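Participant: mind folding the following:
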Amino acid sequence: MGMSNAVELTQTSDRIEAANAHVAICVDLRSGTQQVFATAGEAEDPILQAPFLLLQRKGGYGDVIPLAPARIRVVAHDPGIACFEVTGENDDYVYGVTYSLRAGDRHITGRVRFKPKVNQVGWFCYGLHADGENDHWCYPWVSGKQLRLPTVIGRSIGITRPNHIWTALAGIPAIQGRRGSLWYSLGFPVDFDYRDASLTFNDENAGPVRLALGIRRARGVHVEDSVEEYLASSDYAFPFQICIGKTGVASLAEAWIRANAFTFDTAMRHTPAELEAIFVSGRRHDQYRGARRYLSEDRAGLPAAGYIHGSDDTRIALLKQARNACIDWILYRKTGDNLWRDRASEQLEFLAASQTEIGAVRENWDFVTGRYYFQGIDEFGFHPDQQALACEYWYRVIALMREDGHPAPDAWREAAGRHLDWLLSLVKPDGSISQTVVSSGKREAAVTRRSAGNMAEESVFAATDRDPGEPAPLSRLLSAFVYLAEHTGRADVWEAMLKHEEWVIEKAFARQYWWGHWPDTNLTTTLYAGLKFIEYCVKRFESDGGSEHLDRASEIAYWCFFQTVPKQLEGNRQYTRGAVIEQDNYMQFNSAIADNLILSALRKLSRHMGNPFFHDLARQYYQTACHAVSDDPRHPWYGSANMYVADPLGLTVPFDTDPATGGATKYAGTIVNAFLEDIWESEKHGLFE
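Facilitator: Numbers count the residues shown, from 1 in each chain. Modelled structure (predicted):
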C-alpha cells in the first residue's frame, strides 16, 4: 500500500486500489467487495468494508438488495490525485460510485450516481460494514418515534435496527467510529445540503454493523419504512466522505476539518456586555409583561423566594437557588443595587428552610399549590449530581458574603455542612453513586404529567424494567467536589471525588458514553455530562498539574466537536422555524440542561495546551448560544433562554410546530445563571479578546 506522499494507483482487470501515506480504498470485481484501509504502519486488515458496491431497498428490511460492481474506469491519476469510477446495473437501476484520493489527505471523497430504469419506491444508499465491537456515535438519532439527544449508538445501548437518523437536525453529518486509537467517519461533506438525505446505523445481528447514507429520506421512523420515490430515467447523485484518524479523535477532527475546509463561526450576535445587559434587564423584574419571573412571599410560615424556572412551569427549582443567589450577589458587587443582595439572602433562606432531616434539599416547589415535588419520568427522588452543584454554590455565596462583610447566619453554614455530609454518604465502595436516590422500592406512584416533566410529591421508583439506584457519571458532583475539598480542607471530600473519578473514567470516559446529566431519568444519554467533565478535568489540572487531565479534556472536547458543531446553514445564523430547536440541541448551556461553564473551560484548555482549536470551539459555542437568547424586549421572557422554538420574525412564541413530529412544542424561558457566570469567567481568561 502507498507509503509515500504521492498517490499510488494499482489496477488489474478486476481490481483497483488507490493509496497514499494515510488511507487506501480498494474495489475487487471478483469478490464484489470494497475495502478501506489505514496505511503507514497500521495493520493490513480493513477498517471498513462491504461485500457490495451499493444497496437498494424496496421498502422492507428483509428486501435489501446488494448491488455488485461490474466495471472499473480510471478518471484521473498523477502523483497528486487518483480518481476512479466503478459502475454496474441491474433490472432496476444503472449505478456507479466515483472515488477520489489526494496526496496528503486523510479522507476519501466519493460520489454515488444512479438512474432508475422504471419508477422505484424505496431507498438507495452507499454503505460500509464495521466491526460490531467498535463504538459508534452520531447525532441525533431517532428510535421508537422519539428524538433523542447526542448519544453513543450501537452495542453500548442496544438500539433496535435499523435506525434512521434525521440529518435535518444533525450536527456534523457523519457517523463516527473507533477501533482502539484509530477513528473513522462516514458521512456527507459539510457543503452538501443534507436536509433531504439520510444516515443509518444498522445492527447486523452477531456480525458487523452497517453504516450507510443516501439521498432523500425514508419517510418512516425506521429505514425499513422507506417509501421514497425515484422517477424513471431521472439522474440522482449524492456525495460522501470517509475520514480516517489514526492517532485518536483529534486526528479524525483534523482530517474532517481539512476535508471540508471547515472554519468556526466566531462572529458574535451579541457582545458579552450586550448579553449581560439583556440578562440583567430581564432578570430584575418580579413580573414582566404578564409573566411572573421572581417570587418572594411568606406561605404559611415558609419563606418562599426564588426565580420561576420557565414559562411552562409553576415552580422554583430549588437546586438552582444557590447558584442564582451567587449570581445575584456578584451583581450586587458590580452594581451596588441592594435588590440583588436582598434576593441572594432570600433565596438562601428558602434553601435552608427546604432542607430535609437527612441533609438533602427538596428539589422543586410549586408556587401554585405551595407543595414540594420531585421531577422525573419513572423514578422520583433526590439527584446527587444537581444536589452537589447546589452545595458548591451554597458554600460559594456564603464565602462571598463573608468577604463583603455580610456574614451568613450560622444556621446556613451548618445546613451547607449537613448537605455535604449527606452527599459523601452516597459514595459506594466501588466509587459509584446512584443517579437518583429513591427512598422506597418499586410500586405505583401518583404521577402528574406536565410539559416540564412528570412530577410526584413522594420519592418513589415506578419503573418495571430495571432496579432502583442505578449509578451514573456525576460530573457536576466531581466539579463541585474540587471546590468543596479545597474550600473546606476536608480530606474525605477529596477522597470521595477520586473514587468517583476512577469509576467515571472506566464507565463513561473510556467509551465516551455519558448519561445521567439529564434530570428526568438515567436512561437519557446526552453529551452534557461529558461537557461538564471537561470543566472538571481543567480544574483538576489547575489543582495538581497532572497532564493526564488535559489529555482527557482534549479527547472529550474533540468528540463533542463532532456532536455539537452544526453545518453552517443560514438558518443557524438567524431565527427560522426549527433553527432554535437545532441550536438548543447543539449548544444550549442554560441552567436547566447543562449547568456547565464550558466556554471558560475550553478557553483555559486552549491556553494550557497551546491549541487554538478549543478557543475557536468555545467562540462558536458562544455564537450559537446567543441565538437561543430571548433578546426581544417585547417578549414576556425577555432576558432568558429560549428552550425550544422561535418564529421567522425573530420573536420567540409560546407555541410552534416541531419539525420532527409536526406536533405543538411549547416554549420555555429558563434562568440563565450558568451562561451569565460562564461569560464572566470567559472574559477573565481572554475568550473575547
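Participant: how many neighbours does Cys560 have?
Facilitator: Residues within reach of Cys560, counting by other C-beta atoms under 10 Å, total 26. Just so you know, the C-beta spots here come from the backbone N, C-alpha and C atoms, and that holds for glycine as well.
Participant: quickly note the distance from it to Lys507.
Facilitator: 18 Å (C-beta to C-beta, to the nearest Å).
Participant: so who does the closest residue to Ala491 other than its chain neighbours touch?
Facilitator: Computed as C-beta to C-beta, 6 or more residues apart in numbering, the closest residue to Ala491 that is not its neighbour in sequence is Ala485, at 7.8 Å. Residues in contact with Ala485 (C-beta atoms under 8 Å, 6 or more residues apart in numbering) are 491, 493-494, 497.
Participant: which of those residues count as buried?
Facilitator: Buried by 16 or more other C-beta atoms under 10 Å: 493-494, 497, out of these.
Participant: ok, the residue nearest the centre of the chain to Lys246 distance?
Facilitator: The residue lying closest to the centre of the chain (C-alpha atoms, centre = their mean) is Leu527, at 3.7 Å. Noted for Leu527: a distance of 24 Å to Lys246, by C-beta to C-beta.
Participant: then Thr12?
Facilitator: In terms of C-beta to C-beta, Thr12 sits 28 Å off from Lys246.
Participant: ok, those two, which is more surrounded?
Facilitator: Higher neighbour count among Thr12 and Lys246: Lys246, with 20 against 11, using other C-beta under 10 Å.
Participant: how confident is the prediction for the more buried one, by pLDDT?
Facilitator: Predicted confidence (pLDDT) for Lys246: 91.
Participant: what of Ile172?
Facilitator: 75.
Participant: that one reaches Phe562, doesn't it?
Facilitator: Yes - if you go by C-beta atoms under 8 Å, Ile172 and Phe562 touch, sitting 4.9 Å apart.
Participant: which neighbours do those two share?
Facilitator: Joint contacts of Ile172 and Phe562 (C-beta under 8 Å, 6+ apart) are Trp256.
Participant: not counting its neighbours along the chain, what's nearest Tyr294?
Facilitator: Nearest residue to Tyr294, sequence neighbours excluded (C-beta to C-beta, 6+ apart): Asp286, at 4.8 Å.
Participant: where along the stretch 451-600 of the chain do the helices fall?
Facilitator: With helices called from DSSP state H, counting those that start in this stretch, the stretch 451-600 of the chain shows them at 475-488, 491-507, 528-544, 547-564, 579-587, 598-609.
Participant: output the contacting helices and strands for the fourth one.
Facilitator: Okay, so that is helix 547-564. strand 135-138, strand 174-179, helix 249-260, helix 528-544, helix 598-609, helix 612-626 (3 or more C-beta pairs under 8 Å, 6 or more residues apart in numbering; DSSP states H and E).
Participant: poorly predicted segments of the stretch 551-689 of the chain, please.
Facilitator: Within the stretch 551-689 of the chain, the ranges that satisfy pLDDT under 70 run 565-594, 627-628, 642-671.
Participant: let's see it at 80
Facilitator: 563-594, 623-630, 632, 634-635, 641-672 (pLDDT under 80).
Participant: what's the pLDDT at Glu502?
Facilitator: Residue-level pLDDT assigned to Glu502 equals 98.
Participant: burial measure for the closest residue to Leu477 other than its chain neighbours, as a count.
Facilitator: In space, and not counting its chain neighbours, Leu477 is closest to Ala388: 3.8 Å by C-beta to C-beta, 6+ apart. By the criterion of other C-beta under 10 Å, Ala388 has 26 neighbours.
Participant: which residues does Ala388 contact?
Facilitator: 423, 474, 476-477, 480-481.
Participant: list buried residues within those residues.
Facilitator: Among these, those classed as buried by 16+ other C-beta under 10 Å are 423, 474, 476-477, 480-481.
Participant: quick check: the farthest pair among the residues you listed?
Facilitator: Leu423 and Arg476 (11.1 Å; C-beta to C-beta).
Participant: in JSON lines: the contacts of Ala485, plus pLDDT and distance to Asn596.
Facilitator: Below are the contacts of Ala485 laid out as JSON lines (pLDDT from 0 to 100; distance: C-beta to C-beta, whole Å):
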{"residue": "Ala491", "pLDDT": "98", "distance to Asn596": "27"}
{"residue": "Val493", "pLDDT": "98", "distance to Asn596": "21"}
{"residue": "Trp494", "pLDDT": "98", "distance to Asn596": "22"}
{"residue": "Met497", "pLDDT": "98", "distance to Asn596": "18"}
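Participant: which single one of those residues is nearest to Pro468?
Facilitator: For those, the nearest to Pro468 is Met497 (24.5 Å; C-beta to C-beta).
Participant: now that closest one: how far from Trp422?
Facilitator: 16 Å.
Participant: on that earlier part again, relative to Ile108, how far out is the residue nearest to the centre of the chain?
Facilitator: Relative to Ile108, and taking C-beta to C-beta, Leu527 is found at 27 Å.
Participant: now Ala399
Facilitator: Counting by C-beta to C-beta, the gap from Ala399 to Ile108 is 56 Å.
Participant: higher neighbour count, those two?
Facilitator: Taking neighbours as other C-beta under 10 Å, Ala399 and Ile108 compare with Ile108 leading, 24 against 15.
Participant: ok, the more buried one - contacts?
Facilitator: By C-beta under 8 Å, 6+ apart, Ile108 lies in contact with 23, 25, 36, 99-101, 241-242.
Participant: any low-confidence regions in the stretch 51-200 of the chain?
Facilitator: Checking the stretch 51-200 of the chain against pLDDT under 80 turns up 57-64, 122-123, 138-173, 193-200.
Participant: got a list of contacts for the helix or strand Ala304 falls within?
Facilitator: According to DSSP states H and E, Ala304 maps onto strand 302-307. With C-beta under 8 Å, 6+ apart as the test, strand 302-307 has contacts from 283, 293-298, 316-318, 320-321, 324, 343, 346-347, 349-350, 353, 365, 367, 370, 671.
Participant: which is the next helix or strand following it?
Facilitator: strand 315-317.
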